[in-house]
Every structure is written in structure tokens, then in C-alpha cells.
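S.K.: coordinates only, no sequence provided:
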């Protein structure tokens with residue numbers, strides 16, 4: 001589990017958390033709110049690790065007993081709440097893992113910390129059960145709620161927690177980090193940083209992946225020839241990318257980056273602003289094939305496809321509708 005100093009970006013959030021530790025003004029409940037992949041879990045984990053560290057200096061030392069236990073996943077006073085149903089955190093999950101357990105004092109640390117990933121999945125009954133604990137927690141208890149949709153949480157919970165809005169890490173920061181630490185070419189680092197959408201872990205995973213270059217080449221090949229391909233050929237090409245264990249959202253995201261580059265060239269004719277700089281000549285030729293509104297329609301069509309797939313709409317139908325939008329524009 002990371003220390004604060006190992007986390008890329010999120011400087012303002014880290015300063016806030018370290019200051020709370022240094023000044024002994026840690027709240028009993030925090031909400032880490034941000035989109036999937038923005039770093040909620042790594043920040044909450046680093047915060048919990050620092051709180052339990054025996055050096056007490058605002059960050060974890062990495063060498064004390066508590067830090068070593070945390071890194072091995074065996075810190076008895078840091079508990080990650082789990083749930084059997086993928087889409088729901090039930091009232092029983094909260095009662096058994098939080099409410100009944102929290103009355104027992106910490107085993108060996110100053111705090112007893114409960115981390116609830118995907119807190120937006122708590123049912124209303126589960127939230128009400130948790131509210132009773134948040135209203136009157138033991139002095140040693142700290143609850144960290146991680147959510148991608150803070151609006152689903154009850155107003156009474158929101159009013160009793162410190163809310164931290166987690167934003168995506170800036171593309172330039174990720175680009176420089178990849179170049180410095182993984183010695184990859186500038187253009188590839190920028191593509192990975194843009195593609196990761198502010199998720200440092202995702203960018204690093206792609207940077208060291210042996211499959212990424214092959215997947216990248218396949219998507220580029222598809223994008224370069226998509227205008228002359230039949231829809232069934234394109235659907236088959238996308239399905240074949242599953243061999244790279246690539247989430248379909250990632251494939252669509254890469255395609256969206258391509259068409260955003262086309263749109264940028266159409267609007268500015270400035271190659272310095274695009275992500276796929278190595279493909280400038282092909283992108284420039286693509287500009288003439290669509291109007292600005294047409295390109296906007298293509299990107300919106302891809303966004304709709306991602307929402308439909310998230311709602312479990314039929315894969316083939318969703319992809320065909322998206323590809324028809326590309327063809328029509």
C-alpha cells in the first residue's frame with residue numbers, strides 16, 4: 001500500500017490529510033468522492049496507513065510493525081468492508097462488519113479504521129445503519145467512504161462527513177512521470193496519459209504491458225481503415241481485441257481520442273495540440289471527410305455506446321449503432 005509521497009498528483013488532498021494528522025484534528029468520517037480510477041482507494045489506503053504508523057510524522061514510515069502489517073494486508077485495525085452481492089452493500093454487511101465490530105477497541109493501534117469502497121452501493125437501510133455509528137462513534141473510530149456518486153448518499157451522512165472531491169491527475173503530470181520512470185518515448189507517454197483519463201495506475205499498467213503495443217497497433221489499424229470497412233468487419237475487429245484482455249470501454253476511449261484529434265485539427269489545424277502526433281498526416285486527411293458537427297456526433301455516439309454497455313444493452317446492437325453513427329458522419 002502506497003505512502004503519501006509515492007502518490008502522483010492529488011497534492012491538495014494530501015496536504016489536507018497530512019495537516020489533519022499533524023495537528024491531531026482528524027475527523028471521525030471522510031467521503032472520498034471521484035470517478036472510477038481517480039485514486040480514491042490509494043488515497044484512503046495511504047491515509048489509513050499514515051494514521052496507524054508508529055512514527056507519527058504525517059506520513060507512513062514503511063518500516064514499523066503497523067506499516068509492514070498494512071503492506072501485507074494484515075493490519076488488524078484497518079478493515080476494508082466487503083459485500084457478497086456485486087451491486088449492493090446490504091444492511092447486514094454494515095451491521096456485521098462495522099456496527100457490531102466497532103465497539104471492540106483497537107487491537108494494537110491508536111485508531112480503528114473502516115474503509116467502505118463503492119459506498120454508493122449501500123442500500124438506504126445500510127446507510128441508515130451506518131448513520132447511527134457516524135452520529136456517535138467511539139473516539140478511536142474513523143470511517144472512510146469511497147464513492148463515485150456522492151449524491152446517492154443520504155444528506156444526513158453527507159452533513160456528518162468531511163467530503164474530499166478527488167479529481168483526475170493532470171495529463172502532463174502523468175506524461176512526465178512515465179517518461180522519467182519508464183523511459184518510454186514522449187509521444188507514447190502522452191498517448192498513455194491521455195488514454196488513462198487521469199488514472200496513474202492505469203497508465204503505468206499499460207506502459208509495462210507486453211500486450212499494449214499490439215492492442216494499440218490493432219486499434220490504429222482499425223481507425224485508419226474504418227471508413228472503407230463494412231460494419232460487420234468492424235464489429236469482428238473489435239471483438240478480436242478481447243485477446244488483449246482489453247475492456248470494451250478502453251477500446252472506445254482510444255477511438256474517442258482519435259476522433260477528438262480529428263476535431264482539434266478541424267478547429268485549429270495545430271498539430272501540437274493532438275495526441276496522435278505520429279499519425280498527423282492521416283488525421284489531417286480525415287478532417288476533410290466530416291464536418292465539425294459530424295465529428296461531434298461521432299464522439300457523442302461513442303459516449304452513448306459506453307452508457308448503453310454499462311446498462312447491459314446487447315453488445316452487438318450497441319456497437320452497430322455506434323458504428324452506424326461513425327459511418328453516417
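M.R.: Sure, I can see it. Note that the coordinates shown come from a computational prediction; the quantities given were computed from them, not determined experimentally.
S.K.: and the top helix by length along the chain, how far from the chain's centre?
M.R.: Criterion DSSP state H: the longest helix present in the chain is helix 248-268. Distance, stretch centre to chain centre, for helix 248-268: 20 Å (CA atoms, centre = their mean, to the nearest Å).
S.K.: show me where pLDDT drops low in this protein?
M.R.: By pLDDT under 70, the weakly predicted segments of the chain are 1, 241-247.
S.K.: quick check: phi and psi at the residue most central in space within it.
M.R.: When CA atoms, centre = their mean is applied to the chain, the residue found nearest the centroid is residue 37 (0.6 Å). Residue 37 adopts backbone torsions of phi 90, psi 10, taken as degrees, to the nearest 10.
S.K.: what sits against it?
M.R.: 196, 197, 198, 199, 201, 202 (CB atoms under 8 Å, 6 or more residues apart in numbering). Any C-beta I mention is one placed from the backbone N, CA and C, and that applies to glycine too.
S.K.: rerun that using 10 Å as the cut-off
M.R.: By CB atoms under 10 Å, 6 or more residues apart in numbering, the residues touching residue 37 are 148, 168, 196, 197, 198, 199, 200, 201, 202.
S.K.: most neighbours among the residues you listed, which one?
M.R.: Among the contacts of residue 37, residue 196 has the most neighbours (other CB atoms under 10 Å), with 25 neighbours.
S.K.: element containing the nearest residue to that one once chain neighbours are set aside, please.
M.R.: Closest residue in space to residue 196, ignoring its immediate chain neighbours: residue 203 at 3.7 Å, by CB to CB, 6 or more residues apart in numbering. For residue 203, the host element (DSSP states H and E) is helix 200-208.
S.K.: other SSEs contacting that helix?
M.R.: helix 40-52, helix 171-182, helix 186-196, helix 212-225 (3 or more CB pairs under 10 Å, 6 or more residues apart in numbering; DSSP states H and E).
S.K.: deepest of those, which one?
M.R.: helix 40-52 (a mean of 24; mean count of other CB atoms under 10 Å).
S.K.: just the angle between it and helix 200-208, please?
M.R.: Angle of helix 40-52 versus helix 200-208, following axes from the mean of the first three to the mean of the last three CA atoms, to 10 degrees, is 110 degrees.
S.K.: after helix 40-52 comes which helix or strand?
M.R.: Downstream of helix 40-52, the next assigned helix or strand under DSSP H and E is helix 65-71.
S.K.: the next helix or strand after that next one pairs with which strands?
M.R.: Per DSSP H and E, the first helix or strand lying C-terminal to helix 65-71 is strand 78-80. Note on strand 78-80: by DSSP bridges, its sheet partners are strand 112-116 (parallel).
S.K.: residues contacting the closest residue to residue 101 other than its chain neighbours?
M.R.: Once flanking residues are discounted, residue 101 sits nearest to residue 79: 7.2 Å by CB to CB, 6+ apart. By CB under 10 Å, 6+ apart, the contact list for residue 79 reads 48, 97, 98, 101, 102, 112, 113, 114, 115, 116.
S.K.: from residue 107, how far off is residue 79?
M.R.: 11 Å (CB to CB, to the nearest Å).
S.K.: over to residue 322?
M.R.: From residue 322 to residue 107 the distance is 52 Å (CB to CB).
S.K.: before we move on, the earlier item: compile the helices and strands packed on helix 200-208 into a markdown table and extend it with columns for distance to residue 10.
M.R.: Converted to a markdown table, the helices and strands packed on helix 200-208 look like this (distance: least, CB to CB, whole Å):
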| stretch | distance to residue 10 |
| --- | --- |
| helix 40-52 | 6 |
| helix 171-182 | 10 |
| helix 186-196 | 15 |
| helix 212-225 | 25 |
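S.K.: got phi/psi on residue 105?
M.R.: When read as degrees, to the nearest 10, the backbone of residue 105 gives phi -70, psi 160.
S.K.: which residues sit in contact with it?
M.R.: With contact taken as CB under 10 Å, 6+ apart, residue 105 is in contact with 77, 112, 138, 140, 141.
S.K.: so the residue nearest to residue 196 touches residue 171, yeah?
M.R.: Yes: the criterion here is CB atoms under 10 Å, and residue 203 meets it with residue 171 at 9.4 Å.
S.K.: overlap in contacts, those two.
M.R.: Common neighbours of residue 203 and residue 171 (criterion: CB under 10 Å, 6+ apart): 189, 192, 193, 194, 195, 196, 197.
S.K.: farthest-apart pair in these, please.
M.R.: Greatest spatial distance among these (CB to CB): 189 and 197, at 14.8 Å.
S.K.: the longest strand seen in the chain versus helix 40-52: what angle between them?
M.R.: As assigned by DSSP state E, the longest strand anywhere in the chain is strand 141-147. Here the directions of strand 141-147 and helix 40-52 differ by 170 degrees (the same axes, to 10 degrees).
S.K.: which elements pack onto strand 141-147?
M.R.: Secondary-structure packing of strand 141-147 (3+ CB pairs under 10 Å, 6+ apart): strand 29-33, helix 40-52, strand 78-80, strand 112-116, helix 124-135, helix 155-158, strand 162-165.
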